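A.B. asks: Got a predicted model here, sequence first, then my questions.
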Amino acid sequence: MKFEARPAIKSQVLADFVGDHTLTKCIEEDTSEEEKGLWKLSVDGSSCVSSSGAGLVLTSPDGWTIEYALRFGFKATNNEAEWEALIIGLTIVKHLEVQKIEASSDSQLVVGLASGEYEAREDSMAKYLTYSQSLKSTF
């Protein structure tokens with residue numbers, strides 16, 4: 001998992017995220033042995049006073065992309081929306097029976113917790129971390 005910083009928060013965060021992570025040219029055939037079979041998942045959560053949601057972009061080793069825009073039926077904080085985006089993405093990838101996955105997020109907290117750099121202080125963040133680790137162990 002890697003952290004990708006976003007320079008500014010805009011009103012169309014999800015639309016910008018999907019646009020930034022959509023492939024516009026063909027992927028070269030010369031891939032290293034390590035990258036063969038590697039899927040890429042980019043996730044972003046969004047929250048405001050009235051609703052919350054997530055954007056996901058899943059890219060296959062062949063360069064095909066699957067895009068999801070989700071609206072949650074519950075209120076969530078920004079951090080909770082980021083976790084929900086990652087968990088939903090990993091769940092989708094698990095159902096597709098993907099073996100190798102590289103996930104990226106613009107949430108420094110989620111990436112820091114998932115990579116072990118940070119320690120969960122809140123109970124809700126610890127629960128999200130535990131659940132995501134159980135999903136992560138399938139890859």
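C.D. replies: The structure has been received and is ready for your questions.
A.B. asks: Spell out for me which residue occupies the centre of this structure.
C.D. replies: Among the residues of the chain, Val43 comes closest to the average C-alpha position under C-alpha atoms, centre = their mean, at 2.6 Å.
A.B. asks: Show the pLDDT at that one.
C.D. replies: Here the pLDDT value assigned to Val43 is 96.
A.B. asks: swap in the one 5 residues further on?
C.D. replies: Confidence per residue is given as pLDDT, and for Cys48 that number is 90.
A.B. asks: Wait, Met125 touches Ser107, no?
C.D. replies: No. Applying C-beta atoms under 8 Å, one finds Met125 not in contact with Ser107, separated by 11.2 Å. Heads up, the C-betas are built off the backbone N, CA and C, glycines and all.
A.B. asks: buried ones in the longest helix seen in the chain?
C.D. replies: Among all segments of the chain classified by DSSP state H, the helix with the greatest residue count is helix 78-95. Residues of helix 78-95 classed as buried under the neighbour-count rule (16 or more other C-beta atoms under 10 Å) are 79-90, 93.
A.B. asks: pLDDT and distance to Ile101 added to these, as a markdown table?
C.D. replies: Formatted as a markdown table, the entries for the buried residues of helix 78-95 read as follows, by pLDDT from 0 to 100; distance: C-beta to C-beta, whole Å:
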| residue | pLDDT | distance to Ile101 |
| --- | --- | --- |
| Asn79 | 95 | 22 |
| Glu80 | 95 | 22 |
| Ala81 | 95 | 20 |
| Glu82 | 96 | 17 |
| Trp83 | 96 | 17 |
| Glu84 | 96 | 17 |
| Ala85 | 96 | 14 |
| Leu86 | 96 | 11 |
| Ile87 | 96 | 13 |
| Ile88 | 95 | 13 |
| Gly89 | 95 | 9 |
| Leu90 | 95 | 8 |
| Val93 | 94 | 5 |
